[in-house]
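kindly generate the corresponding structure for this input.
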Amino acid sequence: MRLGGTVTGAWKTPEEWEALLVQSRFRAVTAPFDCRTPREVTGALLEICARHDVMIAEVGVWKNLFDPDPARAAEAMAYAKGQLALAEETGVPCCVNIAGTASEAGWDAADRSNFTDETYGRIVDSVRQILDSVRPRRAYYCLEPMPWMVPDSPEGYLRLIRDVDRPQFGAHMDFVNMINCPRRYLAPEAFIEKCFATLSGHIKSTHIKDIRMHPTNLTALLYECAPGEGALDYAQVLRIMDRHLPADAPVLLEHMDTFEAYAAAYDYVFAAAARAGIAV
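Below you'll find the model as predicted:
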């Protein structure tokens, strides 16, 4: 697998980004450009990645297609189409967003409407609209699972893939986001096995992190954390991934605030892979 993440640090030129990339040791990265980036800058960054044999694993959208403000929703839809077109043009395999919410609380908010039949229909229609507009042949549009938003289970994701019924709709794997209850938390590796076994063949990019739970007054609080700071046996997790993913599949660390935090997480996962006999 290709272990990587988001190259973090201050940079203004492709050469400065290249220095950070080399220091990171990443072999897969999130795109350091978007559809609004000048084409000469995008081209330079692509050349840097090719020179260092680094895969650009995904182009992110991260906008709310169901924003209650019609103008913002239209802007989000246009950007999603632009990002998918960029992925197609540059050969990035995965363009990823979350499904969206009608909530006023934010683009990724938990809301009562998120699991209604009406919202499910809107998700199917929005994914079809994006794919039918762009008509990619090599890039895939994917939705990142969320604890409180469709898709929130491997079975639900597979159903969504079948309901969308478009060949370029793939799966984005974030198993920690789907560990959203004590039952899954207390048997995490079995659940992660189910995630990969169910969606095997559809997965275009994978995020990795860890999770810990604190019981409070008979309720459960689940917290995302860096690999090694939670409950997951990462040697076992990496063995599961190795069984179900292609040898060069991108596996991305995420949500670190500093270069040093990414480096520490990289070291931990790399060491766990060595213990498990997994090539990284």
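
what is the burial count for Pro246?
Pro246 has 9 neighbours, counted by other CB atoms under 10 Å. Bear in mind the C-beta positions are built from the backbone N, C-alpha and C, glycine included.

what do you get for Tyr266?
Other residues near Tyr266 come to 20 when the count uses other CB under 10 Å.

before we move on, which element is it in?
Using DSSP states H and E, the element containing Tyr266 is helix 259-276.

so for that helix, what gets flagged as buried?
Tyr262, Ala263, Ala264, Ala265, Tyr266, Tyr268, Val269, Ala272, Ala273, Ala276 (16 or more other CB atoms under 10 Å).

stretch 252-260 too?
By neighbour count on 16+ other CB under 10 Å, the buried set for stretch 252-260 is Leu252, Leu253, Glu254, Met256.

which one of those is nearest Ala102?
Nearest to Ala102 among the buried residues of stretch 252-260: Glu254, at 25.8 Å, using CB to CB.

give the contact list for that closest one.
Listed by CB atoms under 8 Å, 6 or more residues apart in numbering, the contact partners of Glu254 are Gly5, Thr6, His207, Ile208, Lys209.

and of those, the nearest to Asp233?
Nearest to Asp233 among the contacts of Glu254, counting by CB to CB, is Ile208 at 13.1 Å.

doesn't Trp107 make contact with Tyr63?
One correction, residue 63 is Lys, not Tyr. Yes - contact status for Lys63 versus Trp107: in contact at 6.5 Å, counting by CB atoms under 8 Å.

show the average pLDDT along stretch 206-213.
Stretch 206-213 shows a mean pLDDT of 97.

which residues touch it?
With CB under 8 Å, 6+ apart, stretch 206-213 has contacts from 144, 172-174, 176-177, 179, 182, 185, 188, 220-232, 234, 237, 241, 245, 249-255, 269.

got it, and stretch 25-36?
If you take CB under 8 Å, 6+ apart as the criterion, stretch 25-36 is touched by 2-7, 17, 21, 41-42, 45, 49, 53-60, 79, 82-83, 85-87, 90, 92, 250-252, 263, 266, 280.

which of those fall within helices?
Among the contacts of stretch 25-36, the members falling in helices (DSSP state H) are 17, 21, 41-42, 45, 49, 79, 82-83, 85-87, 90, 263, 266.

among these, which pair sits farthest apart?
By the measure CB to CB, Ala85 and Ala263 form the most distant pair in those, at 33.6 Å.

from the centre of the chain, point out the most distant residue.
Distance from the C-alpha centroid of the chain peaks at Asn217, with 32.8 Å (CA atoms, centre = their mean).

can you pull the pLDDT of it?
Among the per-residue scores, Asn217 shows a pLDDT of 77.

and for Phe115?
Model confidence at Phe115, given as pLDDT, is 98.

Arg36 too?
Here the pLDDT value assigned to Arg36 is 98.

in this protein, which spans are strands?
2-4, 28-30, 55-60, 94-97, 140-143, 169-173, 203-208, 210-216, 219-225, 250-253 (DSSP state E).

among the ones you listed, which comes closest to Glu75?
Of all these, it is strand 94-97 that lies closest to Glu75, at 13.3 Å by CB to CB.

tell me the angle the helix or strand bottoming out on mean pLDDT in the chain makes with helix 259-276.
Lowest by mean pLDDT, DSSP states H and E among the helices and strands of the chain is strand 210-216, with a mean of 91. Strand 210-216 runs at 100 degrees relative to helix 259-276, counting by axes from the mean of the first three to the mean of the last three CA atoms, to 10 degrees.

flag every buried residue along strand 210-216.
By 16+ other CB under 10 Å, the buried positions in strand 210-216 come out as Asp210, Ile211, Met213.

closest one of these to Lys194?
Ile211 (15.9 Å).

distance of the closest one from Leu253?
As judged by CB to CB, to the nearest Å, Ile211 and Leu253 stand 14 Å apart.

thinking again about what came up before, for Ala73, find the nearest of the strands of the chain.
Proximity to Ala73 (CB to CB) singles out strand 94-97 among the strands of the chain, at 12.8 Å.

elements contacting the closest one?
Secondary-structure packing of strand 94-97 (3 or more CB pairs under 8 Å, 6 or more residues apart in numbering; DSSP states H and E): strand 55-60, helix 70-90, strand 140-143, strand 169-173, strand 203-208.
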